[in-house]
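Enquirer: From the sequence below, what's the structure:
(one chain, ligands or ions: 1)
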Amino acid sequence: MLPYGHQSIDESDIAAVANVLRSDWLTTGPSVTAFEEDLGRLCGMSRAVSVTSGTAALHVAYAALGIGAGDEVVTTPLTFVATASCASVLGATVVFADVCEDTGNLDPQSVSAAMTVRTRVVAGVDFAGHPIDAKALAEVAHAGNATLLEDAAHSIGGSLDGRPVGSLADVTTFSFFPTKNLTTAEGGAVVALQGDTVDRARSYRSIGLVRDPAVLRLPNEGPWHQEVHAFGLNYRLSDVLSALGSSQLLRLPSFKAARTEITARYNQGLAGIDELRLPACRQGADPMWHLYPLRIRDGRRRALFEHLRANDIGVQVNYLPVYRHPVYADLGYKSGMCPVAEEYYEQEISLPLFPGLPDADVDRVIDLIRGFVGA
Ligand SMILES: Cc1ncc(COP(=O)(O)O)c(C=O)c1O
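Expert: Residues are numbered from 1 along each chain as shown. Alright, predicted model coming up:
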């Protein structure tokens, strides 16, 4: 089966990991610091905190923003469940706003209509790698005294109007799962413009432990002493995986070039077919395409999915609107509440896309789809 996503690991990545395995630090050491600095530089000098997954990044980000019971988080239904569920597990109420018909990204007008005095965070997702409309969403969020969070699990390496993803929103989260644009096996990061958010995120991912003598509240316990001022969890990324992350960051430009090239090949091969809708790219956006989200408009998405799977093409569907997951349905969220996202989901099928995907395989996928729709 041709996978829809696959990591790219080369000898430089393996050497970077092996070097750490031979060193004194397997975790909480210099490779973690170096990876966080590398990430900060990529994100236009934002500060970065590494964590163990994209889900952990969202949990840490919401916790660092102090989200809890009585607060509302406005987000998109067209995403992996963690964008919403990490706010829910902290006790916040998730409010779903609809998406833009072209990109599948959060619609600023729909967000504006969904906001109340309790809205603390607006959480957009760079669906498929296309950056959110950060300027409009920040305006709407800030007008209501809310923070703009960008779930950039799909889009590290992209930019909008010349500004890198990681510098567009107040807080940005990343995932480094193997199918993503770069990988640390499991991993993620929180990036923020405000230093105090970064400090709270760093504390939360390290159990809330405080060692700095300047701020200890029990300063006379002794030299071994550490204490907790605010609750947290252990979401620390190891040095072994951080070294892989830094090595992958060096390769990010080549990953981007490969993803751009494959996307262009699909665009060309599938152009001019009435039944199909190809991914949109807005002016000013330079996406890091994580997915190739094709839409088929004739109601035959499932049949196309089964046809491609039967031909050993590992397609996916992204995403079931989050409120339709039984955990949200059980809370009273109703199907159909975001009609644009519902229609997007009904039509969407993600085609294989990863660096190293041979042109011949891209062409085979194109031919199978053209054959299916009779083009
Ligand atoms: C949009 C989005 N957010 C968050 C996540 C969670 O990332 P992870 O799998 O690293 O926990 C994913 C991963 O699938 C994702 O696609």
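
Enquirer: show me what contacts I67?
Expert: 73, 87, 90, 92, 120-121 (CB atoms under 8 Å, 6 or more residues apart in numbering). C-beta: built from backbone N, CA, C; applies to glycine.

Enquirer: Can you list which of those are found in strands?
Expert: 73, 120-121 (DSSP state E).

Enquirer: can you list the domain ranges for the chain.
Expert: 11-250, 252-373 (automatic domain parsing).

Enquirer: which one of these is the most hemmed in?
Expert: domain 11-250 (a mean of 21; mean count of other CB atoms under 10 Å).

Enquirer: distance between the ends of that domain?
Expert: One end of domain 11-250 sits 13 Å from the other (CA to CA, to the nearest Å).

Enquirer: quick revisit: tell me which of the contacts of I67 is nearest to P213?
Expert: Set against P213, the nearest of the contacts of I67 by CB to CB is L90 (30.9 Å).

Enquirer: so how far is K135 from that closest one?
Expert: From L90 across to K135, the span is 28 Å (CB to CB, to the nearest Å).

Enquirer: Confirm for me that S85 is in contact with V327.
Expert: Yes - under the criterion of CB atoms under 8 Å, S85 makes contact with V327 at 7.3 Å.

Enquirer: Can you tell me the SS state at T33?
Expert: helix (DSSP: H, G, I helix; E, B strand; the rest coil).

Enquirer: L368 too?
Expert: helix.

Enquirer: Now do the contacts for it.
Expert: 307-308, 311, 313.

Enquirer: And T183, by the same measure?
Expert: 7, 9, 176-177, 244, 248.

Enquirer: From the ligand, how far off is L304?
Expert: According to CB to the nearest ligand atom, to the nearest Å, L304 and the ligand sit 22 Å apart.

Enquirer: how distant is the helix or strand encompassing that residue from the center of its chain?
Expert: Using DSSP states H and E, the element containing L304 is helix 301-310. A distance of 26 Å separates the centroid of the chain from that of helix 301-310, by CA atoms, centre = their mean, to the nearest Å.

Enquirer: other SSEs contacting that helix?
Expert: Counting by 3 or more CB pairs under 8 Å, 6 or more residues apart in numbering; DSSP states H and E, the packing neighbours recorded for helix 301-310 are strand 348-351, helix 359-373.

Enquirer: go with 10 Å
Expert: Judged by 3 or more CB pairs under 10 Å, 6 or more residues apart in numbering; DSSP states H and E, helix 301-310 is in contact with strand 292-296, helix 339-347, strand 348-351, helix 359-373.

Enquirer: Any residue of stretch 52-64 touching the ligand?
Expert: Yes - using CB under 6 Å from any ligand atom, stretch 52-64 reaches the ligand at 53-55.

Enquirer: if we can go back for a sec, tell me the one among the contacts of I67 nearest to the ligand.
Expert: A87 (12.2 Å; CB to the nearest ligand atom).

Enquirer: Next one: the closest one from H59, what distance?
Expert: Taking CB to CB, one finds A87 at 9 Å from H59.

Enquirer: Contacts for the helix holding L304 next, please.
Expert: 1-2, 4, 275-276, 294-296, 298, 300, 313-317, 345-352, 365, 368-369, 371-373 (CB atoms under 10 Å, 6 or more residues apart in numbering).

Enquirer: In contact with E186, which residues?
Expert: 51-56, 175-178, 237-238, 241.

Enquirer: and the residue of this protein nearest the ligand?
Expert: G54 (2.4 Å).

Enquirer: before we move on, back to that, distance to the ligand added to the contacts of I67, as TSV?
Expert: Formatted as TSV, those follow (distance: CB to the nearest ligand atom, whole Å):
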residue	distance to the ligand
V73	14
A87	12
L90	16
A92	17
R120	19
V121	15
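
Enquirer: after whichever strand or helix holds G40, next one along is what?
Expert: Using DSSP H and E, G40 maps to helix 30-42. Next helix or strand after helix 30-42 toward the C-terminus (DSSP H and E): strand 47-51.

Enquirer: elements contacting that following strand?
Expert: helix 30-42, helix 54-64, strand 171-175, strand 188-192, helix 195-205, helix 239-269.

Enquirer: Those into a markdown table, with extra columns for mean pLDDT and distance to L160?
Expert: A markdown table is the format used below for the helices and strands packed on strand 47-51 (pLDDT from 0 to 100; distance: least, CB to CB, whole Å):
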| stretch | mean pLDDT | distance to L160 |
| --- | --- | --- |
| helix 30-42 | 98 | 14 |
| helix 54-64 | 98 | 20 |
| strand 171-175 | 98 | 12 |
| strand 188-192 | 97 | 15 |
| helix 195-205 | 95 | 21 |
| helix 239-269 | 98 | 15 |
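
Enquirer: Out of those, which is closest to Q109?
Expert: Closest approach to Q109 among these is made by strand 171-175 (22.4 Å; CB to CB).

Enquirer: A258: which of the contacts of E186 is nearest?
Expert: Nearest member of those to A258, counting by CB to CB, is P178, at 15.6 Å.

Enquirer: any idea how far the residue nearest to that closest one when sequence neighbours are not counted is from L209?
Expert: What sits nearest to P178 in space, not counting adjacent residues and going by CB to CB, 6 or more residues apart in numbering, is Q7, at 4.1 Å. Q7 sits 32 Å away from L209, going by CB to CB.

Enquirer: Low-confidence bits of the stretch 201-350 of the chain, can you list those?
Expert: Per-residue confidence for the stretch 201-350 of the chain (pLDDT under 70) gives no ranges below the cut-off.

Enquirer: Alongside the ligand, which residues does the stretch 101-250 of the chain contribute?
Expert: Taking CB under 6 Å from any ligand atom as the contact definition, the stretch 101-250 of the chain meets the ligand at 125, 151, 153-154, 175, 177, 188.
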